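J.: Below is the structure, and that's it, no one-letter string:
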Ligand code: DGL
């Protein structure tokens with residue numbers, strides 16, 4: 001049930017790993033008074049190569065863990081989990097709201113390039129389901145959409161090899177295989193904002209690059225306002241970081257996504 005005490009609960013943000021910290025950062029900037037709990041399911045990353053059944057099960061378990069802690073809204077900051085499990089998660093969280101990253105990303109793409117050609121770079125699972133294609137076409141009947149799976153970019157971002165010869169060569173190979181440039185290139189995976197530079201360098205100057213972090217933050221702010229769920233406190237919001245494995249790696253890699261240094265002691269390991 002939603003009542004006035006619900007307003008003071010944190011927002012839950014869930015991803016398969018550390019990539020969703022780019023979304024967390026945008027949400028924190030847009031809503032600095034909200035408490036945030038981030039759960040990265042690092043023990044089971046990557047989700048992008050798994051079956052829809054496993055992805056749904058993992059996402060539901062992670063959500064249950066956040067629900068037990070008490071959250072007022074869930075952000076599924078994982079494109080793959082958003083593509084596969086959003087309906088199941090909405091059912092599980094009801095009547096509380098769930099926001100995925102695919103729809104805000106599609107909205108951002110369509111408003112950046114109306115009637116444009118779009119190239120979605122994402123994981124295998126997201127591409128297999130055509131999640132971005134459906135979301136873009138539902139918003140703009142004149143849009144054309146290509147989707148391409150770029151699994152190796154996840155590993156590059158995890159390794160911190162986000163620039164240089166290797167990143168450049170892999171990005172170019174994926175873009176060639178995808179059929180080249182587009183008006184709008186959508187970073188349809190949480191990890192790809194970190195590889196924005198080599199992606200931009202491989203594209204023509206006219207291509208616009210879009211990711212869903214800031215649009216997701218804007219949708220979150222709007223949803224809280226509409227449901228009267230915004231935190232009434234004027235204190236700065238707290239940030240709690242949970243992972244299912246590897247606090248040291250989470251801190252090292254996650255710091256790059258969050259844009260500030262993290263210590264392993266900032267991360268609590270939880271068991272789902
Ligand atoms: N978080 C995933 C996504 O945005 C990328 C990493 C993974 O495959 O788990 O699709």
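T.: Perfect, thanks for sending it. Note that this is a predicted model, so its numbers are computed, not measured.
J.: Ignoring the adjacent residues along the chain, who's closest to the residue of the stretch 151-272 of the chain found nearest the ligand?
T.: Closest contact between the stretch 151-272 of the chain and the ligand, by Cβ to the nearest ligand atom, is at residue 190 (3.7 Å). Where C-beta positions appear, they are placed from N, C-alpha and C, glycine not excepted. Nearest residue to residue 190 in three dimensions, chain neighbours excluded: residue 19, at 2.8 Å (Cβ to Cβ, 6 or more residues apart in numbering).
J.: if I look at the residue nearest the centre of the chain, how far off is residue 196?
T.: Against the mean C-alpha coordinate of the chain, by Cα atoms, centre = their mean, the closest residue is residue 77 at 3.2 Å. Between residue 77 and residue 196 the computed distance is 17 Å (Cβ to Cβ, to the nearest Å).
J.: again with residue 270
T.: From residue 270 to residue 196 the distance is 30 Å (Cβ to Cβ).
J.: Equivalent analysis for residue 91, please.
T.: Residue 91 is 34 Å from residue 196, by Cβ to Cβ.
J.: Neighbour count: the two, which is higher?
T.: Taking other Cβ atoms under 10 Å, residue 91 and residue 196 do not tie; residue 196 has more neighbours (15 against 10).
J.: Check which residues of the helix or strand hosting the more buried one are buried.
T.: Counting by DSSP states H and E, the element that carries residue 196 is helix 196-202. Neighbour-count burial for helix 196-202 flags 198-199, 202 (criterion: 16 or more other Cβ atoms under 10 Å).
J.: Make a markdown table out of those residues and add pLDDT and distance to the ligand.
T.: Output for those, formatted as a markdown table (pLDDT from 0 to 100; distance: Cβ to the nearest ligand atom, whole Å):
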| residue | pLDDT | distance to the ligand |
| --- | --- | --- |
| 198 | 96 | 18 |
| 199 | 96 | 15 |
| 202 | 95 | 20 |
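J.: The nearest residue to residue 236 once chain neighbours are set aside: what secondary structure?
T.: Spatially, and ignoring its direct neighbours in sequence, residue 236 is nearest to residue 32 (6.1 Å; Cβ to Cβ, 6+ apart). Recorded secondary structure, residue 32: coil (DSSP: H, G, I helix; E, B strand; the rest coil).
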